[in-house]
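> No sequence on hand, only this structure:
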Ligand code: HEM
């Protein structure tokens with residue numbers, strides 16, 4: 001029996017409690033000094049027991065990441081920051097907009113790290129933009145960002161439209177003569193966004209719209225999934241950073257790694273044999289690699305490439321995972337809120353009719369700009385459901401917190417609770433109310449910097465923000481122009497967050513009814 005299976009079966013029994021209680025007692029004894037790290041520095045903090053319970057709730061997937069840190073945010077009202085521990089390591093939770101801006105933007109040089117970069121030999125595909133740090137991250141980010149220029153986005157828009165047409169055909173077939181259909185919205189939107197990311201990332205078809213459990217779907221989900229394997233990896237890493245390496249424990253499962261390696265190899269060899277120029281991310285990364293190799297040969301330089309095959313694999317794999325899940329969730333949450341707020345949906349539909357009357361039925365890249373209220377709906381949705389309720393940074397050089405003597409030491413992780421800030425009544429009155437007017441032209445200006453961070457902020461801001469917004473907006477507008485969206489008796493009254501995912505995903509199925517509009521032929 002594989003070690004993982006043994007641990008999994010153990011988790012079904014009470015022995016798991018016993019194991020963790022023993023670990024807690026052991027840790028409390030061995031690391032008793034470290035538990036007072038923050039209180040010794042005069043920083044308001046969770047008690048050691050609270051920190052340990054919080055960490056275990058996270059590792060055992062009893063809380064989502066967002067809720068876990070939101071608990072800290074709520075409990076320390078009036079404090080700009082809160083000390084806590086990840087088992088024995090100090091972490092700082094930021095709950096003040098100005099400090100959030102300092103960490104993410106103004107003092108980026110002191111907080112340029114995010115997660116620990118995994119061992120490159122043991123776990124090569126785990127090295128990508130989310131985990132790279134320092135100069136390597138800067139080089140990869142700088143080059144990869146060119147894949148999201150306006151010209152490239154315009155090209156991607158054509159791929160989006162092809163996928164949207166396929167989606168239309170799927171919806172129409174499902175609705176048939178009945179006039180309406182009930183869908184698990186996240187599933188259908190995930191099928192669509194995976195198809196989009198396949199086209200943009202590798203110029204391929206994933207064949208996911210027709211609802212089959214394709215390998216692309218399974219492995220893209222698994223790339224970042226917070227499953228039992230990753231839970232053990234996290235725990236080992238927290239106990240001692242060398243443990244995963246010593247035990248040869250990889251964050252990305254070997255099957256997932258092999259799948260992406262093979263898929264990339266196949267797509268790359270197809271490109272070699274094609275005459276037409278390609279503009280997908282993989283092609284762009286391959287081109288970087290080629291020019292890097294050429295310039296190193298010319299200069300007689302044999303230093304390691306930035307765009308190695310492993311980095312290309314990691315970037316593409318992470319794009320698949322980070323690309324399709326949050327975009328699908330954002331679309332699902334938009335549709336959910338539109339269904340629950342018919343007056344908002346009616347206003348959006350009016351805007352769509354007005355724009356179509358002015359510019360014609362076909363939505364083009366330029367036309368998208370006209371849908372101002374659609375932007376407000378998306379902005380408000382991402383306020384209530386940000387893809388990541390916390391933004392993580394690692395301190396890369398000692399930093400003195402403003403107006404205090406507290407120095408954040410190199411290596412300390414800093415968590416900005418974006419969900420806490422975005423749902424704080426001080427910054428967003430009646431925070432639970434879905435109100436797109438908060439983002440109208442005149443109200444938008446009143447939003448305090450550092451309180452609205454759905455794509456993060458600063459140099460590590462989501463690299464694909466413009467693509468994601470274009471994708472969500474186009475599909476939402478298309479759907480609302482053709483269908484009325486309604487809740488059903490099965491639609492959850494309130495969204496709870498999935499504890500098995502790093503990103504904000506609904507824990508329950510979001511059932512919605514799509515009814516063909518009378519005016520649609
Ligand atoms: C609605 C959809 C999306 C949302 C809400 C979202 C949100 C985010 C957030 C909050 C971060 C962290 C930023 C920070 O730490 O400051 C992030 C980072 C990132 N996102 Fe997205 N994202 C979305 C779609 C995508 C897509 C489609 C891709 C890829 C095609 C992508 C690729 C990335 C990458 C690579 C990073 C890491 C950037 C770095 O550290 O340099 N995201 N995203």
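Received it, and whenever you're ready, just let me know what you need. Here the structure is a predicted model, which is why all the values come from computation and not from measurement.

> give the contact list for the residue of the stretch 51-200 of the chain at minimum distance from the ligand.
Nearest to the ligand, among the residues of the stretch 51-200 of the chain, is residue 129, at 3.9 Å (CB to the nearest ligand atom). C-beta: built from backbone N, CA, C; applies to glycine. If a contact means CB atoms under 8 Å, 6 or more residues apart in numbering, then residue 129 has 137, 140-141, 144, 315, 318, 463 as its contacts.

> Mind doing that once more with 10 Å?
For residue 129, the contact set (CB atoms under 10 Å, 6 or more residues apart in numbering) comprises 114, 137, 140-141, 144-145, 311, 314-315, 318-319, 322, 460, 462-463.

> Quick one: name the residues of the protein near the ligand.
Taking CB under 6 Å from any ligand atom as the measure of proximity, the chain contacts the ligand at 104, 114, 129-130, 141, 318-319, 322-323, 326-327, 330, 382, 387-388, 391, 454-457, 460-464, 467-468, 472.

> on that earlier part again, among the contacts of residue 129, who's most crowded?
Highest neighbour count within the contacts of residue 129: residue 314, with 28 neighbours (other CB atoms under 10 Å).

> contacting residues around that one?
If a contact means CB under 10 Å, 6+ apart, then residue 314 has 118, 120, 123-132, 140, 223, 252, 257, 260, 308 as its contacts.

> Repeat the analysis, applying 7 Å as the threshold.
If you count contacts by CB atoms under 7 Å, 6 or more residues apart in numbering, residue 314 has them with 124-128.

> now the residues you listed as TSV including secondary structure, neighbour count and pLDDT?
Compiled in TSV, the contacts of residue 314 are given as follows (DSSP: H, G, I helix; E, B strand; the rest coil; neighbours: other CB atoms under 10 Å; pLDDT from 0 to 100):
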residue	secondary structure	neighbour count	pLDDT
124	helix	19	81
125	helix	27	82
126	helix	26	82
127	coil	25	84
128	coil	26	89
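
> from those, which is closest to residue 407?
Distance from residue 407 was checked for each of these by CB to CB. The minimum falls on residue 127, at 30.0 Å.

> Quickly note the distance from the residue nearest to the closest one when sequence neighbours are not counted to residue 243.
For residue 127, the nearest residue in space outside its immediate sequence neighbours is residue 314; the separation is 4.8 Å by CB to CB, 6 or more residues apart in numbering. Per CB to CB, to the nearest Å, residue 314 is found 22 Å from residue 243.

> Contact partners for residue 396?
Residue 396 is in contact with 110-113, 410, counting by CB under 7 Å, 6+ apart.

> contacting residues around the residue of the chain found nearest the ligand?
Ranking the residues of the chain by distance to the ligand (CB to the nearest ligand atom) places residue 456 first, at 1.9 Å. The contact partners of residue 456, taken as CB under 7 Å, 6+ apart, are 104, 391, 462.

> rerun at 8 Å
104, 388, 391, 418, 462.

> from the residues you listed, which ones fall inside strands?
Using DSSP state E, residue 391 are the members of the contacts of residue 456 that sit in strands.

> Where does confidence bottom out across the contacts of residue 456?
Least confident entry in the contacts of residue 456, by pLDDT: residue 388, with 92.

> residue contacts, that one?
Applying CB under 8 Å, 6+ apart to residue 388 gives the contacts 65-66, 326, 418, 456, 502-504.

> residue ranges of the helices in the stretch 351-500 of the chain, please?
372-384, 418-422, 441-444, 465-482 (DSSP state H, counting those that start in this stretch).

> For residue 203, which of the ones you listed is the nearest?
Relative to residue 203, the nearest member of those by CB to CB is helix 465-482, separated by 14.8 Å.

> angle of the closest one against helix 372-384?
Interaxial angle, helix 465-482 versus helix 372-384 (axes from the mean of the first three to the mean of the last three CA atoms, to 10 degrees): 120 degrees.
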